[in-house]
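Colleague: kindly return the folded structure for what I paste below:
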Amino acid sequence: MPSRLSLRNRLGKRPDCGQPWRTPRCTSRQITKMAVVVTAPSVPFEVSSLLHSGYGHPTLREWQATAASSGGRITAASLVFPVFIHDKPNDKTAIPTLPGQFRYGVNTLKEAFEPLVAKGLATVLLFGVLSTEDGKDNRGSMADDPNGPVIQAIQVFRREFPSVLVACDLCLCAYTNHGHCGLLRGDGIDNQPSIERIAQVALNYVKAGCQLIAPSDMMDGRIRAIKHSLMTNGYGSKVPVMSYSAKFASVFYGPFRDAACSAPSSGDRKAYQLPPGARGLARRALLRDAAEGADMLMVKPGYPYLDIVRDAKTLVPDLPLAIYQVSGEYAMICHAATNKVFELRAGVTESLESAMRAGKSRCGSVGRMPALRGGMAETDWLVRADTQEPTFSSRTLRRGCWTGCRKTRCPRRVSESQHTLVCGICPRPTNTHAHSVHPSIHPSPL
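Modeller: This next block holds a predicted model:
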């Protein structure tokens, strides 16, 4: 019978159980080190620690610059183009209540947006539209359906326009059969299931390629729920959240609800969107969303709530701030210009400058402003952000600058056909460098 020692040498295993022989006993110092490694507590990662998510994309890094540091300049990169994507892939349909705006099928996006991207369009904000009630249910299942309009549009923009920042409006109203922004129970909104569903949709948008989540539902706690979902799935430091923090129950949304087919089938949204006169609630909502981890804040609508824009900039000065110049504001400007109340560009320019004055940062005016479609596609109102040419700025507008100047040394030189109005950058006009002055922009001589 061989000894235990000989079995150990020959087999390298214990004869009684067949397991390997134990390694030599550790020293007390080694045990101490091992104990430290095993028992060291893990530190929870708080949303307040997340900074990377706010500047992972070149456009986001530009948005982090404040209006003061940019000299009040508004470039194409300062603006966001809302895009309505409907469930008819090959159709591009005009929206009667929004002049010059369309619902796009996913197969029409490339042709429609190539000219705008070439002129500097930097960000799109996607809204899904279901043309019939057939695909709607009580929990908004089509919101994140892989074959739904938003998921498909995300993939088209990421594939065809890789430089464009793709943002998604996050709400359930366009996909629910009741038209409300969350899930319902007998007596109204059921908040907790609503934010769980909203966080699920956000995650699926990000997995499809969305680069910025913009929740507009106004449920309590949805920013924390979305950030937690992104963090636990590995996207916390990659994808920012731009919260519709101070979103008011406004009559100015009428054309949008027609465009998105998202009007409530019964009741209204006054129980979760903010009352128009509730400044205190708006301030609390701004502070709450910032504390829950929002990377950017928004005030919606724009023009009627510039006092809230100023409050937001005062309360949370270090977060980029956007305003949404909503469909009703857009329609007012377009109809006023059509009826010769004022010149279109003058109205657009003043609306943008008032937002900058109130405190909006370079995150931009989020809205269907003519500066995006009419301006960028037809008259080159805006220039690319990577150029040194000034665009809409307090300095040029005070001096009456319009389309620029042909003078060789002028940074705003444009073609002769566009050389119509006074340039505030160039020296006083001379015989060889003539300007004509438009009275609505520059009523008095230099």
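
Colleague: all helices for the stretch 151-300 of the chain, in order.
Modeller: Taking DSSP state H, counting those that start in this stretch, the helices of the stretch 151-300 of the chain run over residues 191-208, 222-232, 254-260, 279-291.

Colleague: Throw those into a markdown table and include mean pLDDT and distance to C173, thanks.
Modeller: Backbone N, C-alpha and C define where each C-beta goes, glycine included. Compiled in a markdown table, the helices of the stretch 151-300 of the chain are given as follows (pLDDT from 0 to 100; distance: least, CB to CB, whole Å):
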| stretch | mean pLDDT | distance to C173 |
| --- | --- | --- |
| helix 191-208 | 97 | 11 |
| helix 222-232 | 96 | 14 |
| helix 254-260 | 64 | 8 |
| helix 279-291 | 97 | 19 |
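
Colleague: okay, those in a markdown table with distance to N177 and mean neighbour count next?
Modeller: Formatted as a markdown table, these follow (distance: least, CB to CB, whole Å; neighbours: other CB atoms under 10 Å):
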| stretch | distance to N177 | mean neighbour count |
| --- | --- | --- |
| helix 191-208 | 14 | 20 |
| helix 222-232 | 21 | 22 |
| helix 254-260 | 15 | 20 |
| helix 279-291 | 28 | 18 |
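
Colleague: would you turn those into a markdown table with distance to M142?
Modeller: Converted to a markdown table, these look like this (distance: least, CB to CB, whole Å):
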| stretch | distance to M142 |
| --- | --- |
| helix 191-208 | 10 |
| helix 222-232 | 19 |
| helix 254-260 | 13 |
| helix 279-291 | 27 |
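
Colleague: CA atoms of stretch 186-195 as CSV?
Modeller: Extracted C-alpha coordinates of stretch 186-195, given in CSV (Å, rounded to 0.1, in the frame of the first residue of the first chain):
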residue,chain,number,x,y,z
GLY,A,186,-59.3,55.0,-13.2
ASP,A,187,-58.8,58.5,-11.8
GLY,A,188,-56.0,59.8,-14.0
ILE,A,189,-52.3,59.3,-14.6
ASP,A,190,-50.6,56.3,-12.9
ASN,A,191,-47.2,57.9,-12.3
GLN,A,192,-44.9,54.9,-11.3
PRO,A,193,-45.8,52.6,-14.2
SER,A,194,-45.6,55.6,-16.5
ILE,A,195,-42.0,56.4,-15.7
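
Colleague: show residues contacting it.
Modeller: Residues outside stretch 186-195 that contact it (CB atoms under 8 Å, 6 or more residues apart in numbering) are 172, 180-184, 217, 219-222, 225, 271-272.

Colleague: if we go to 6 Å?
Modeller: Under the contact criterion CB atoms under 6 Å, 6 or more residues apart in numbering, stretch 186-195 has outside partners 182-183, 219-222, 225, 271-272.

Colleague: can you show me the helices along the stretch 1-150 of the chain?
Modeller: Under the criterion DSSP H, counting those that start in this stretch, the stretch 1-150 of the chain contains helices at 4-11, 28-39, 58-63, 109-118, 149-160.

Colleague: by mean pLDDT, show me the worst of those.
Modeller: Least confidently modelled of the helices of the stretch 1-150 of the chain is helix 28-39, at a mean of 46 by mean pLDDT.

Colleague: and which of the contacts of stretch 186-195 is nearest Q200?
Modeller: Proximity to Q200 was ranked across the contacts of stretch 186-195 by CB to CB; first place goes to A225, at 9.4 Å.

Colleague: was I right about the closest one contacting A199?
Modeller: Yes: using CB atoms under 6 Å, A225 is in contact with A199, at 4.2 Å.

Colleague: not counting sequence-adjacent ones, nearest residue to T338?
Modeller: Distances taken as CB to CB, 6 or more residues apart in numbering put P99 closest to T338, at 7.5 Å, once the chain neighbours are dropped.

Colleague: the closest residue to K92 other than its chain neighbours: how many residues sit nearby?
Modeller: Nearest residue to K92 in three dimensions, chain neighbours excluded: T108, at 4.5 Å (CB to CB, 6+ apart). As a burial measure, T108 scores 19 neighbours (other CB atoms under 10 Å).

Colleague: how far away is T108 from V83?
Modeller: 11 Å (CB to CB, to the nearest Å).

Colleague: and D87, what does it touch?
Modeller: Contacts for D87 (CB under 6 Å, 6+ apart) come out as 130-131, 149.

Colleague: meant to ask about L130
Modeller: D87.

Colleague: gap between it and Y104?
Modeller: Here L130 is placed at a distance of 14 Å from Y104 (CB to CB).

Colleague: ditto for F81
Modeller: Taken as CB to CB, the span from F81 to Y104 is 11 Å.

Colleague: what do you get for K238?
Modeller: Look at K238 and Y104: by CB to CB, they are 27 Å apart.

Colleague: tell me which of those two has more neighbours.
Modeller: The neighbour count for K238 versus Y104, taken as other CB under 10 Å, is higher for Y104 (25 against 14).

Colleague: tell me what that one is bridged to.
Modeller: Here Y104 sits in beta bridges with I85, K92, going by DSSP bridges.

Colleague: pLDDT score for it?
Modeller: At Y104, the pLDDT value in this model is 95.

Colleague: same check, this time on A68
Modeller: As predicted, A68 sits at a pLDDT of 47.

Colleague: so who does the nearest residue to F157 once chain neighbours are set aside touch?
Modeller: In space, and not counting its chain neighbours, F157 is closest to V166: 4.8 Å by CB to CB, 6+ apart. Going by CB under 6 Å, 6+ apart, V166 touches 154, 157, 210-211.

Colleague: out of those, flag the one nearest to I95.
Modeller: Using CB to CB, F157 comes nearest to I95 of the contacts of V166, at 19.9 Å.

Colleague: ok, E160 touching K110?
Modeller: Yes: using CB under 6 Å, E160 is in contact with K110, at 4.9 Å.

Colleague: ChimeraX command to pick out the buried ones of the contacts of stretch 186-195?
Modeller: Here is the ChimeraX command that selects the buried residues among the contacts of stretch 186-195 (16 or more other CB atoms under 10 Å):
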select :182,183,219,220,221,222,225,272
